[in-house]
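K.L.:
let's see this in three dimensions:
(one chain, ligands or ions: 1)
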Amino acid sequence: MNLTELNRIATAMVAPGKGILAADESSGTIKKRFDAIGVESTEENRRDYREMLFRSKDAMSQYISGVILYDETIWQNAKDGTPLIKLIEQSGAIPGIKVDEGTQGLPMCPGELVTVGLDKLAERLKKYYERGARFAKWRAVIDIGSDIPSMTAISVNAHALARYAALCQAAQIVPIVEPEVLMDGDHDIDRCYEVTQRVLNTTFQELRVQRVALEGMVLKPNMAISGKKCPKQASVEEVAEKTIRLLKACVPAAVPGIAFLSGGQSDEQATAHLNAMHKLGSLPWGLTFSYGRALQAAPQKAWSGRPENVAAGQRAFSHRARMNGLASKGEWQSSLEQKAA
Ligand SMILES: O=P(O)(O)OC[C@H]1O[C@](O)(COP(=O)(O)O)[C@@H](O)[C@@H]1O
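P.N.:
Residues are numbered from 1 along each chain as shown. The predicted structure is shown next:
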């Protein structure tokens, strides 16, 4: 393992002004997104949609540091035959790959999930590296309910995240470690804080036990935020203040970067939260976005599967990428949203 090189890539993934495009929706998830805009989820439509994003020159070269791909996409070619991964490389962004294989019910723990995909992972990583992937992603899902999460669910998911991260580093690939505490439910921000703290502490403990080099990874956490159905929604300032307090308590400064998931926040909320965190002063790690929905909802709507809407889709994507790029430096203002294309 060349840790200097892993650290160089991890640092580039969270460079100020840039963040990660999470375009790694699995087949089920992209179908849901396409259903919402009335587009059939065929291989060709998925290719055309993602090609539109990767050919958005302004966004990709100025505001996007890396792109997380799904297995199908990393092997796909653009309409003119250029591999999609080449489009990403040509824009200056780093290609990455989702390597988990989704979730399964956790035995003995009703309602809880464990992420799977460790079998043959070493072989898969080797192929992805040869294809050009320089980072990977694995998402663990932790749900909040009246008597969950159990410590069992937290431990097994942390253990799997660390197994994955160690295998990535051995394959010279930067692992994005994503333990997502879902924002579904009616819990308040303090409950989210408390659960996320347990999850992050357990995850870092496992990473240490399994000898993962913290200097060669990126953390992708949720923010400390109110559940979607919580009657009392925390303000932008409270989310920013509590998230930074939580991360400072749990994430060692050796970690080069943290890139948030958006988790179902509105586009503008996700931007405002990241921006407010940067207003709180200097931080020990790079702090940016790795958004799926909060970067793509607008371009999906603008595109709606029509070739004549490609330019509009690219404008919508560039706008969100620029807004989040500014937020990653604390330079975003809500007035910039009104000037949208
Ligand atoms: O359930 P899936 O298909 O694995 O996808 C989950 C999505 O969650 C993410 O980890 C975060 O996405 P959001 O920003 O939309 O929450 C994406 O990288 C990924 O596409």
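K.L.:
C-alpha only now, for contacts and for neighbours.
P.N.:
Will do.
K.L.:
pLDDT weak spots in the stretch 101-250 of the chain?
P.N.:
Nowhere does the stretch 101-250 of the chain drop to pLDDT under 70.
K.L.:
all strands of it, in order?
P.N.:
Under the criterion DSSP state E, counting those that start in this stretch, the stretch 101-250 of the chain contains strands at 103-105, 113-115, 135-142, 174-181, 218-219.
K.L.:
will you turn those into a markdown table that also has mean neighbour count?
P.N.:
Formatted as a markdown table, the strands of the stretch 101-250 of the chain follow (neighbours: other CA atoms under 10 Å):
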| stretch | mean neighbour count |
| --- | --- |
| strand 103-105 | 13 |
| strand 113-115 | 22 |
| strand 135-142 | 25 |
| strand 174-181 | 26 |
| strand 218-219 | 26 |
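K.L.:
tell me which element Phe317 falls in.
P.N.:
Using DSSP states H and E, Phe317 sits within helix 310-327.
K.L.:
pLDDT averaged over that helix - what is it?
P.N.:
Across helix 310-327, pLDDT averages out at 98.
K.L.:
list of residues touching it?
P.N.:
16-19, 52-53, 56, 58-59, 62-64, 267, 271-272, 274-276, 278, 289, 294-296, 298-303, 332, 336-337, 340-341 (CA atoms under 8 Å, 6 or more residues apart in numbering).
K.L.:
buried ones only from these, please, as a PyMOL command.
P.N.:
Command for PyMOL that selects the buried part of the contacts of helix 310-327, burial taken from 16 or more other CA atoms under 10 Å:
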select buried, resi 16+17+18+19+52+53+56+58+59+62+63+64+267+271+272+274+275+276+278+289+294+295+296+298+299+300+301+302+303+332
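K.L.:
from the contacts of helix 310-327, which are also near the ligand?
P.N.:
Ala294 (CA under 6 Å from any ligand atom).
K.L.:
among the contacts of helix 310-327, which ones are in helices?
P.N.:
Taking DSSP state H, the ones among those that sit in helices are 52-53, 58-59, 62, 267, 271-272, 274-276, 278, 294-296, 298-303, 336-337.
K.L.:
stretch 88-108: which residues count as buried?
P.N.:
Within stretch 88-108, judged by 16+ other CA under 10 Å, the buried ones are 88-89, 91, 93-100, 102, 106.
K.L.:
got the end-to-end distance for that stretch?
P.N.:
Stretch 88-108 has its terminal residues 43 Å apart, counting by CA to CA, to the nearest Å.
K.L.:
now tell me what touches that stretch from outside.
P.N.:
With CA under 8 Å, 6+ apart, stretch 88-108 has contacts from 13, 24, 54, 57, 60-61, 64-71, 74, 85, 111-118, 121, 128, 132-141, 153.
K.L.:
for stretch 12-26, same thing?
P.N.:
50, 62-70, 94, 97-98, 256-259, 286-292, 295, 324-329.
K.L.:
which bits of this structure sit near the ligand?
P.N.:
22-26, 29, 261-264, 291-294.
K.L.:
what's the nearest residue to the residue nearest in space to the middle of the chain if we skip its chain neighbours?
P.N.:
Taking CA atoms, centre = their mean, the centroid of the chain lies closest to Ser290, which sits 3.6 Å from it. Once flanking residues are discounted, Ser290 sits nearest to Ile20: 4.3 Å by CA to CA, 6 or more residues apart in numbering.
K.L.:
neighbours around the one you found, how many?
P.N.:
As a burial measure, Ile20 scores 29 neighbours (other CA atoms under 10 Å).
K.L.:
the one 4 residues further on now?
P.N.:
Using other CA under 10 Å, the number of residues around Asp24 comes to 23.
K.L.:
before we move on, what SS does it have?
P.N.:
Three-state assignment for Asp24 (DSSP: H, G, I helix; E, B strand; the rest coil): coil.
K.L.:
quick one: it from Gln269, how far?
P.N.:
22 Å.
K.L.:
over to Arg46?
P.N.:
For Arg46 relative to Gln269 (CA to CA), the value is 27 Å.
K.L.:
more crowded one of those two?
P.N.:
Arg46 (20 against 14).
K.L.:
secondary structure element for the more buried one?
P.N.:
In this assignment (DSSP H and E), Arg46 forms part of helix 43-54.
K.L.:
could you pull out the buried residues of that helix?
P.N.:
46-54.
K.L.:
that one - contacts with which helices or strands?
P.N.:
helix 84-91, helix 310-327 (3 or more CA pairs under 8 Å, 6 or more residues apart in numbering; DSSP states H and E).
K.L.:
so which of those helices is the most packed in?
P.N.:
helix 310-327 (a mean of 24; mean count of other CA atoms under 10 Å).
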